[in-house]
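Undergrad: okay, predicted coordinates and the sequence, questions at the end:
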Amino acid sequence: MRDYAWSLRKNFQGAILAVPGKAIAFFFLLLLFFVPLITSDPYILGILIFANIYAIYGASWDFLSGFTGQVNFGHAVFFGVGAYTAGLLNLKLGLPPVASIPIGALVAVLAGLIVGIPALRLRGHYLALVTLAFPIMLTGIVLAFPDVTGGELGVSGISPLSDSRVVTYYIALIVMIASALIMWKLTDARSTFVRTGVILHAIREDEITARASGINTTKYKLLAFCISGFFAGIAGGLGAHYLRIAGPSNLTLFFSFQPIIWTIFGGIATIYGPITGVYILYPLMEILRVIPRFRMLIFAFILIFVLLFMPEGLTRWFRDKIEVECPRCKLTNVATRQYCRACHAPLHLEQRLEQS
Amino acid sequence: MVANILINGAITGGIYALLALGFSLIFGVAKIINLAHTAFYMVAAYFIFTFAHLLGLSAPLSAIVSIIITTAIGVGTYKLVIERIREHETTVLMITIALALVFQEAMLLAFGSHFRSAPSFVSGHVELLGVSVTIQHILTFGVVLACLFGIWMLLSKSKLGIAIRAVAQDREIANLVGINVNTICLITMALAVALAAVAGAMVAPIFVIQPHMWMHPLIMVLAVVVLGGLGSLKGSFAAAFILGYTETLVVFLLPMGSFIKAAVALAVMVAVLLIRPEGLFGVAFEEERL
């Protein structure tokens, strides 16, 4: 037992504290747990609850489009299906959030299958532009049956996640961390435990080669759509129960572009990229509410400048600054180090030249 | 009713064809998916409104000036922004959508969210198939057809058109035979924006001008180019009229039609793609051709 605890501590030091990116992520998440102790301002907590919900939504887009390469322009359809299902189940059948959100997510998995089946036949730009159609078609259905869906006004009066905002905050935070960890593990290409990561990477890089190596790409592409739909559906259900309304605003073109914006801003194919993107851009949008007329304009300009100067995204740019990979043993080191912490190989080119 | 559907569908289809043609051109030549394409259409419509209403120029003159200015803006954004990140495909998508937002917000700041309209170029109407049609509508359709024909002639006959098609087919080989690829991309961008601006100028007198008017055409243009086959001009042309007529039929025949017109048109697109994944006139092995 003591040995186990000791190895856990060693692992923690070696795998998290010594890697600056992971250390920052760890302490940031730790900080998020203490936010309600610092402030109980409902406005700030509200922004952070939304940031958590949208972080799941953004990460689920990254899972599908960043890792698997199935660029989805209609991601709002999953969020919307999750939100509407959870809301309607709660209102018509009186199910509590504990039941309605998972069922909503399962219906979003079904939506993932429906969107995923055309995806098997299309690739690249075609797929991206076809997926754009799905939320718009769903909006058409929603507006065509106003008796069930409430038409333009949406379904309102959904019961809240919890009466206390602090409890709601912790629910959103824990669900976000759990979803992010699951998605991160599922996409970890170096993992020996789950193989999906390396398979999804292979499908993105070269689908024909992947198929030639005996991977059932059809199965894995559908799986990616389902998992992504599941998490976006959870985000949708949480959003509906938190806002207490599910409306067609969850299905707009701009709402489909939101996760793409967060992901590209933060860094694509990382999972933590979209989460960083949400935590920077969403509060920024709230701060910009003080100048409502210029809000979107400033937002668009920030986006353009970040994309022009860091086209790989913010987190990748930042990681390249603070981390350096050992050229010999591939271990990640702090950029300020001269020699690798494990194998003592010189890390930077100049030293290598000096040594020889 | 039938005549109404015929005429309205022809105009909607023509506008979509004009927009989709420019979108296809710049995609085919520079491999840029320009989501700000229809924003230029909106900008051109606003310039007409500005020149005609606020500065008191005559309608045709303000149309010409606005097309020139919009094209200049388009070339400027291409040079300043899009060209630098052309290799990163998803980044291009995001930056063009951000550009569209910039244009939308700029128009909101300058003109507010009121619905505006521009003066007609010509007045009066004629009887056609038993329906009275304003000459403005006929003029719009005529200009659309003339532009489509002009682009067709340019691409198939002129030296510039052959160079554009060469770059679209193979960038490297085009470069090797002495075509300045970057200049061709720039010219194509100017051409595409000019087409969008013409479409904007032509709809300004007959549609409502407002800052969000680029959204719906953008969705339809994307549907048109996918349905027709990405990069295929013939396909875009056919698909534009298919979707234009579908939309008009839905609006005229179904209750709540204007709410679900986009949904029905897109359902048609998805249905066609399930049968023919490469679009109506697309090439099956696109990767091999590019």
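TA: Perfect, I can see it now.
Undergrad: for the spatially most central residue of chain A, give me its contacts.
TA: Taking Cα atoms, centre = their mean as the criterion, A:Ala59 is the residue nearest the geometric centre of chain A, at 1.0 Å. Residues near A:Ala59 by Cβ atoms under 8 Å, 6 or more residues apart in numbering or on different chains: A:Ser179, A:Ala180, A:Met183, A:Phe231, A:Ile271, A:Pro274, A:Ile275. No exception for glycine: its C-beta is placed from N, CA and C like everyone else's.
Undergrad: measure it to chain B for me?
TA: 16 Å (Cβ to the nearest Cβ, to the nearest Å).
Undergrad: where does that residue land in three-state SS?
TA: State at A:Ala59, reduced to three classes by DSSP: H, G, I helix; E, B strand; the rest coil: helix.
Undergrad: same check, this time on A:Met296
TA: helix.
Undergrad: check contacts around it.
TA: Contacts of A:Met296 by Cβ under 8 Å, 6+ apart are B:Leu101, B:Gln104, B:Glu105.
Undergrad: which of these fall within helices?
TA: Among the contacts of A:Met296, the members falling in helices (DSSP state H) are B:Leu101, B:Gln104, B:Glu105.
Undergrad: low-confidence stretches in chain B?
TA: B:283-290 (pLDDT under 70).
Undergrad: re the thing from before, dump the contacts of A:Ala59 to a markdown table, plus distance to A:Ile117, neighbour count and pLDDT.
TA: What follows is these, written out as a markdown table (distance: Cβ to Cβ, whole Å; neighbours: other Cβ atoms under 10 Å in any protein chain shown; pLDDT from 0 to 100):
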| residue | distance to A:Ile117 | neighbour count | pLDDT |
| --- | --- | --- | --- |
| A:Ser179 | 25 | 23 | 95 |
| A:Ala180 | 28 | 23 | 93 |
| A:Met183 | 23 | 22 | 93 |
| A:Phe231 | 20 | 28 | 96 |
| A:Ile271 | 26 | 27 | 87 |
| A:Pro274 | 26 | 35 | 93 |
| A:Ile275 | 30 | 29 | 94 |
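Undergrad: residues from the stretch 201-350 of chain A in reach of chain B?
TA: Residues of the stretch 201-350 of chain A lying close to chain B by Cβ under 8 Å from any Cβ of the partner chain are A:253, A:257, A:260-261, A:264, A:268, A:293-294, A:296-297, A:299-301, A:303-304, A:307-308, A:311-312.
Undergrad: PyMOL command for the buried members of those residues?
TA: In PyMOL, a selection of the buried entries from these looks like this (16 or more other Cβ atoms under 10 Å in any protein chain shown):
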select buried, chain A and resi 253+257+260+261+264+268+296+297+299+300+303+304+307+311+312
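Undergrad: inside helices: which ones of the residues of the stretch 201-350 of chain A next to chain B?
TA: Those of those lying in helices (DSSP H): A:253, A:257, A:260-261, A:264, A:296-297, A:299-301, A:303-304, A:307-308.
Undergrad: CSV for those residues, including pLDDT?
TA: What follows is these, written out as CSV (pLDDT from 0 to 100):
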residue, pLDDT
A:Leu253, 83
A:Phe257, 86
A:Ile260, 88
A:Ile261, 86
A:Ile264, 85
A:Met296, 85
A:Leu297, 88
A:Phe299, 86
A:Ala300, 88
A:Phe301, 89
A:Leu303, 84
A:Ile304, 87
A:Leu307, 83
A:Leu308, 86
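Undergrad: the ones in helices among the contacts of A:Met296 also near chain A: which ones?
TA: Counting by Cβ under 8 Å from any Cβ, B:Leu101, B:Gln104, B:Glu105 from the ones in helices among the contacts of A:Met296 sit close to chain A.
Undergrad: ok, back up a step: out of the contacts of A:Ala59, who's nearest chain B?
TA: A:Pro274 (12.7 Å; Cβ to the nearest Cβ).
Undergrad: what about that closest one, which helix or strand?
TA: Secondary structure from DSSP states H and E places A:Pro274 in helix A:272-287.
Undergrad: against which helices or strands is that helix packed?
TA: Applying 3 or more Cβ pairs under 8 Å, 6 or more residues apart in numbering or on different chains; DSSP states H and E, we find helix A:272-287 packed against helix A:42-61, helix A:165-186, helix A:253-266, helix A:295-309, helix A:314-322.
Undergrad: can we see that at 7 Å?
TA: Judged by 3 or more Cβ pairs under 7 Å, 6 or more residues apart in numbering or on different chains; DSSP states H and E, the packing partners of helix A:272-287 are helix A:42-61, helix A:253-266, helix A:314-322.
Undergrad: quick check: what element follows the longest one along the chain?
TA: If you walk from helix A:42-61 toward the C-terminus, the next helix or strand you reach (DSSP H and E) is helix A:76-88.
Undergrad: the helix holding A:Pro274 versus helix A:42-61: what angle between them?
TA: 150 degrees (axes from the mean of the first three to the mean of the last three Cα atoms, to 10 degrees).
Undergrad: compute the inter-axis angle for helix A:272-287 and helix A:295-309.
TA: 150 degrees.
Undergrad: residues in contact with helix A:272-287?
TA: Under the criterion Cβ atoms under 7 Å, 6 or more residues apart in numbering or on different chains, residues A:25, A:47, A:50-51, A:54-55, A:58-59, A:61-62, A:180, A:259, A:262-263, A:265-267, A:295, A:299, A:313-315 lie in contact with helix A:272-287.
Undergrad: reformat the helices and strands packed on helix A:272-287 as TSV; add distance to B:Ile209.
TA: What follows is those, written out as TSV (distance: least, Cβ to Cβ, whole Å):
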stretch	distance to B:Ile209
helix A:42-61	33
helix A:253-266	20
helix A:314-322	37
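Undergrad: which ones are touching the residue in the stretch 151-290 of chain B that chain A sits nearest to?
TA: As assessed by Cβ to the nearest Cβ, chain A sits closest to B:Ala263 within the stretch 151-290 of chain B, at 2.4 Å. Counting by Cβ under 7 Å, 6+ apart, B:Ala263 touches A:Ile136, A:Met137, A:Thr139, A:Gly140.
Undergrad: touching chain B at all, the host helix or strand of the first one?
TA: In this assignment (DSSP H and E), A:Ile136 forms part of helix A:133-144. Yes. Part of helix A:133-144 sits close enough to chain B to count as contact by Cβ under 7 Å from any Cβ of the partner chain, namely A:Ala133, A:Ile136, A:Met137, A:Thr139, A:Gly140, A:Leu143, A:Ala144.
Undergrad: which single one of those is nearest to A:Ala202?
TA: The closest of these to A:Ala202 turns out to be A:Ala133 (Cβ to Cβ; 28.2 Å).
Undergrad: what about B:Ala194, distance to A:Thr217?
TA: 42 Å (Cβ to Cβ, to the nearest Å).
Undergrad: which of the helices and strands packed on helix A:272-287 sits closest to A:Gly154?
TA: helix A:253-266 (13.1 Å).
Undergrad: return the distance of the closest one from the chain's centre.
TA: 10 Å (Cα atoms, centre = their mean, to the nearest Å).
Undergrad: which outside residues touch it?
TA: Residues from elsewhere that reach helix A:253-266 (Cβ under 7 Å, 6+ apart): A:57-58, A:61-62, A:66, A:73-76, A:135, A:249, A:273-274, A:276-278, A:281, A:303, A:306-307, A:313-315, B:90-91, B:94, B:97, B:215, B:219.
Undergrad: alpha carbons only: can I get that helix in CSV?
TA: Extracted C-alpha coordinates of helix A:253-266, given in CSV (Å, rounded to 0.1, in the frame of the first residue of the first chain):
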residue,chain,number,x,y,z
LEU,A,253,-25.1,28.5,-38.0
PHE,A,254,-23.1,30.6,-35.6
PHE,A,255,-23.6,28.2,-32.8
SER,A,256,-22.1,25.4,-35.0
PHE,A,257,-19.1,27.6,-35.7
GLN,A,258,-18.5,28.4,-32.0
PRO,A,259,-16.8,25.1,-31.1
ILE,A,260,-14.7,25.4,-34.3
ILE,A,261,-13.6,28.9,-33.3
TRP,A,262,-12.7,27.8,-29.8
THR,A,263,-10.8,24.8,-31.0
ILE,A,264,-8.8,26.5,-33.8
PHE,A,265,-8.1,29.4,-31.3
GLY,A,266,-6.9,27.0,-28.6
